[in-house]
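J.: With the input below, show me the fold.
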Amino acid sequence: MTSHWYVFRSKPREETAAWHYLLSQDVTCFYPRVGVKPVNPRARKVKPYFPGYLFVHCDLDQLGNNAFCWMPHSLGLVRFGGLPAVTSVAETDREKLFDFQPGDDVLVKDGPFTGCRAIFDSRLSGQDRVCVLLQMLNDQREVPVELVMGQISKE
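T.: Numbers count the residues shown, from 1 in each chain. As a prediction, the model looks like this:
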């Protein structure tokens with residue numbers, strides 16, 4: 001059994017529906033999303049980090065080379081030279097996220113809090129967002145701050 005991560009293309013704006021369908025078919029998926037503050041309050045507050053793409057982990061020899069071509073909400077797998085493109089991005093990001101445990105000391109390496117030390121608190125829904133606790137100036141309390149996983153690193 002040789003399982004790999006592949007890049008799955010969804011139809012435009014149907015990433016979430018494709019993700020739910022893939023999960024219902026017991027396909028391991030990585031669907032990174034990011035929280036946004038839309039101008040229109042009725043607009044989606046969570047959007048795909050890579051619009052039109054998800055990552056799937058499977059054994060194509062067992063599942064079939066065209067298994068994703070005819071699925072609802074699907075445009076198939078990304079292919080190069082007719083062969084499905086194998087990627088390791090999803091595995092790398094998932095491993096980074098699961099490396100952090102509550103209470104770990106972290107360093108903020110990007111954004112408005114660059115250079116600040118914090119304490120990892122929790123993973124948030126969407127798999128690519130985290131909550132860290134920052135100590136504010138001379139105050140003794142720690143303030144929870146939501147960040148993108150890529151903005152922190154272990155000290």
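
J.: how far away is Gly150 from Asp110?
T.: To Asp110, Gly150 is 7 Å away according to C-beta to C-beta, to the nearest Å. For the C-beta atoms, the positions are set from N, CA and C on the backbone; glycine is no exception.

J.: no wait, Arg79
T.: Arg79 is 33 Å from Asp110, where distance means C-beta to C-beta.

J.: domain assignment for the chain?
T.: With domains defined by automatic domain parsing, the chain comprises 4-94, 100-154.

J.: Could you find the closest non-adjacent residue to the residue nearest the centre of the chain?
T.: Of all residues in the chain, the one closest to the mean position by C-alpha atoms, centre = their mean is Pro32, 2.5 Å from it. Among residues not flanking Pro32 along the chain, Tyr49 sits closest, at 3.9 Å (C-beta to C-beta, 6 or more residues apart in numbering).

J.: wait, doesn't that neighbour sit right on Gly35?
T.: No: between Tyr49 and Gly35 there is no contact under C-beta atoms under 8 Å: 10.5 Å.

J.: related to what we said a few turns ago, tell me which of Gly150 and Asp110 has more neighbours.
T.: Gly150 (15 against 12; other C-beta atoms under 10 Å).

J.: Surely the more buried one is within a helix?
T.: Yes: under DSSP: H, G, I helix; E, B strand; the rest coil, Gly150 sits within a helix.

J.: That one contacts Val108, doesn't it?
T.: No: assessed by C-beta under 8 Å, Gly150 is found out of contact with Val108, at 10.9 Å.

J.: So what does the residue nearest to His73 when sequence neighbours are not counted have for phi and psi?
T.: In space, and not counting its chain neighbours, His73 is closest to Ala18: 3.8 Å by C-beta to C-beta, 6+ apart. Dihedral pair for Ala18: phi -60, psi -40, per degrees, to the nearest 10.

J.: so what's Ala18 up against?
T.: Phe8, Ser10, Lys11, Leu54, Met71, Pro72, His73, Ser74 (C-beta atoms under 8 Å, 6 or more residues apart in numbering).

J.: What's the ChimeraX line that selects buried ones from these?
T.: Entered in ChimeraX, the line below selects the buried ones among those, by 16 or more other C-beta atoms under 10 Å:
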select :8,10,54,71,73,74
